[in-house]
Each structure stands twice: as C-alpha cells, then as structure tokens.
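In: What follows is a predicted protein model with its sequence.
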Amino acid sequence: MNIRPAAVAGSWYPAGAGALGRDIDEYVDAAAAGPRGAIAAIVVPHAGLMFSGPVGAYAFKAVADQQYDVAVLVGPSHFEAFEGVSVYPDGAFACPFGAIPVDADTARAIADAGEGLVKPLTSAHAREHSLEMQLPFLGRLLAGLPIVPLLIGRQSRQTIERLSHALDAGVAGRRALLVASTDLSHYYDAETASHLDRDVCDAISAFSPERLLDRFEAYGESDRGRSVGCGMGAAIAVLMAARALGARDARVLHYAHSGEVSGDNACVVGYVAAAVGTFDAA
C-alpha cells in the first residue's frame, strides 16, 4: 500500500501513540459538548497541537459519537502552488494510531464530479500539515474511518464554487463528514486579530459562505490568508457543500488565539472550531 509518511509527527505533535493519546484525551475532556443533532461538517485549525488542539477538540468532540462512512478533509496548500484541487487518490496516511486509509472510491467520485478541477497532484501532500494535523483526532476518536485528502491551490472564487459542487455531488449517498482546515488571521496583535476573526466567526454562525467569500475577496490575494484565513477557501467550499447536502444550522463552538498559550499577544494566530448540520432545538 502507498502510505504517505507523516511530515510533522515528533515536532507539531507527539510521534508516539501513548503521548499523543494523552494529549488528545486531555483536550477533548476539557472541551464543552457540541450541539445535538446531525453534523455534516466541521471547521478546525491546523497549527501545532499545543496551540490549535484545545480548539479543534471542540469540533471533533461534537462528532465523536456520530456515524460516518468517510471523512473528506479539505485544506490549503502551504508549500506548492497550483490551480485547482489536489486529491491524494488512494493508499493511506501514516498516523501514530495506525495508518488511516484513503477511500479511493469517494476520491474518484469527487474527482469525477469536479470535471477536471480535482487532480492527483500527490507531491503537494508530501510536506503539507493542514490535513495531517486532523489525523490525530480522527485516529483517536473515529478510528477506522477512511479519508479523502484534498488540498486547494489558488483559492479563487471559481475554484471555491466548483469545489463545493464536486464535494456535494461526490459524497451523495455516503454518510460523509466534511472537514475544513483553516487558521484565521496571522501575526496581528491579539486585539486586532480578535476583531478580524470576529467577522469570520459571525459569518460562520450566520451560515453565510457568501459573506465569507465577499470578505475574503475584499483583500488582495497576497493578504487574504493573513487577514481572513489561510484555508478560508476550503471553509467556504465546505460550508456551501454542507448546505447543498441539507444542513440548516451552523455554530461556532470555540475561538482562541496562539497568545493564550504562548503568552505573546503582540503577534498571534487565530483559531476557530465550528460545526455545521441540522441541530436539535435547544
């Protein structure tokens, strides 16, 4: 089997299953319970585990007791520039809890629905952490669930909208969990970051991917990742697809920034956990 080696195990998160399991369990135990109901998608961060893990745990805790056939992971490409979307089409991703298999059938269905948008540019996945940082939670809380790894290249409106359609059509008939991986604002002081990130969180809570897309495009391409979110195109596409699949509700579960861990509030990165689906009435 073609197994993609871990790129940041031992640096961004513990490489040993024992230590990693203790960290994941600690973060999940500390997270509040999520909404009751059917969750179709989550938005999670992807920084080093000590920074983003306490936030992402809120989203993964919310889906830990739900039943899925596949998790479709969508994140940004930080190291390789390309047009369209790169799928890792088959094989598995290494994880301290055991290799996590790729659902080749669902990967193919999404690629077919993308009509040329989604291609197997596997080199883009070699060093990428945006998807890998979700594997410890998946391996611990949803053991055995296969994945479809997708990296979005240039995050243009056309690519975002076409990807949302490919996701919607590609997972039809499957119990899919869509996972959007994105950090929020980068390297502003904590007060500025919180202000910028509040607008993103409000748009997610309103379940308005259109508002998010307009905000994303309000900045030049070179500044969108810093001021809105490095994987915001992935998040927008996932929100659009979840709505097309029947989701009605969205909820921000937790927000934090790196300064709350590092103590450095002069230069922070923002993190959000959110859930999208059809929630039971409170």
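Out: Everything's here; your move. Residues are numbered from 1 along each chain as shown.
In: buried residues in the helix or strand of the chain with the lowest mean pLDDT?
Out: In the chain, no helix or strand scores lower on mean pLDDT, DSSP states H and E than helix 221-227, which sits at a mean of 94. For helix 221-227, the neighbour count (16 or more other C-beta atoms under 10 Å) marks 224, 225, 226, 227 as buried. Every residue, glycine included, has its C-beta placed from N, CA and C.
In: If you count contacts, what does it end up packed against?
Out: The helices and strands touching helix 221-227, judged by 3 or more C-beta pairs under 8 Å, 6 or more residues apart in numbering; DSSP states H and E, are strand 186-188.
In: So what's the gap between the strand it packs on and the chain middle?
Out: Strand 186-188 sits 20 Å away from the centroid of its parent chain (C-alpha atoms, centre = their mean, to the nearest Å).
In: related to what we said a few turns ago, okay, the least confident helix or strand of the chain in PDB with CA atoms only?
Out: Output of helix 221-227 as PDB, limited to C-alpha atoms (Å, rounded to 0.1, in the frame of the first residue of the first chain):
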ATOM      1  CA  GLU A 221      -4.700  37.700  -3.000                       C
ATOM      2  CA  SER A 222      -1.400  38.300  -1.100                       C
ATOM      3  CA  ASP A 223      -3.200  39.400   2.100                       C
ATOM      4  CA  ARG A 224      -6.300  37.200   2.200                       C
ATOM      5  CA  GLY A 225      -4.500  34.400   4.200                       C
ATOM      6  CA  ARG A 226      -3.100  36.800   6.700                       C
ATOM      7  CA  SER A 227      -6.200  38.900   7.300                       C
END
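In: Can you list the neighbours in contact with it?
Out: Residues from elsewhere that reach helix 221-227, judged by C-beta atoms under 8 Å, 6 or more residues apart in numbering: 76, 154, 155, 185, 186, 187, 188, 196, 216, 217, 219, 232.
In: picking up where we left off before, so which of the buried residues of helix 221-227 comes closest to residue 99?
Out: Among those, residue 225 lies closest to residue 99 (C-beta to C-beta), at 30.6 Å.
In: hmm, back to that, got a winner among the contacts of helix 221-227 for most neighbours?
Out: Counting neighbours by other C-beta atoms under 10 Å, the top entry in the contacts of helix 221-227 is residue 232, with 27 neighbours.
In: what about the residue lying closest to it once chain neighbours are set aside, distance to residue 37?
Out: In space, not counting the residues next to it along the chain, residue 232 is nearest to residue 216; the distance is 5.1 Å by C-beta to C-beta, 6 or more residues apart in numbering. Distance, residue 216 to residue 37, using C-beta to C-beta, to the nearest Å: 28 Å.
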